[in-house]
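Q: quick check, what structure comes out for this input:
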Amino acid sequence: MKKNKIKDTGVEVTELSFGTSSLGSMPDTYGYEVPEQRAQDTLKRFFQGPVNMLDTSRNYAMGESEKRIGKAIKENGTNAQISSLD
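A: Purely as a prediction, here's the structure:
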């Protein structure tokens, strides 16, 4: 997986990222409702894979996606680079 350095940081991120807008449990999140266990399984697989860039926002499912990401990191650990935007 090709990586690029973020200017002036030394941080390397993959050219692909994992978007987490649909990992929440709010029915109004683009019409998707992802059960907690499925979200945790998906994040665990992400942490084991070659992509190291994860995109999230406190607005995704009204913050539910970020809570689930935090839980997955606590349970699995990670070396992923996380981009969180308002």
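Q: tell me the SS of the residue positioned nearest the centre of the chain?
A: Geometric centre of the chain, nearest residue: Leu54, 4.0 Å, by CA atoms, centre = their mean. Of the three states, Leu54 takes strand under DSSP: H, G, I helix; E, B strand; the rest coil.
Q: can you pull out the helices in this protein?
A: Secondary structure of the chain by DSSP state H: the helices cover 36-48, 64-76.
Q: now Gln40. Nearest residue, chain neighbours left out?
A: Counting by CB to CB, 6 or more residues apart in numbering, Gln40 lies nearest to Ala72, which is 5.6 Å off, once chain neighbours are set aside. In short, each C-beta sits where N, CA and C put it, glycine included.
Q: give the contact list for that neighbour.
A: Taking CB atoms under 8 Å, 6 or more residues apart in numbering as the criterion, Ala72 is in contact with Ala39, Gln40, Leu43, Lys44, Phe47, Thr78.
Q: switch to 7 Å and redo it
A: Contact analysis of Ala72 by CB atoms under 7 Å, 6 or more residues apart in numbering lists Gln40, Leu43, Lys44.
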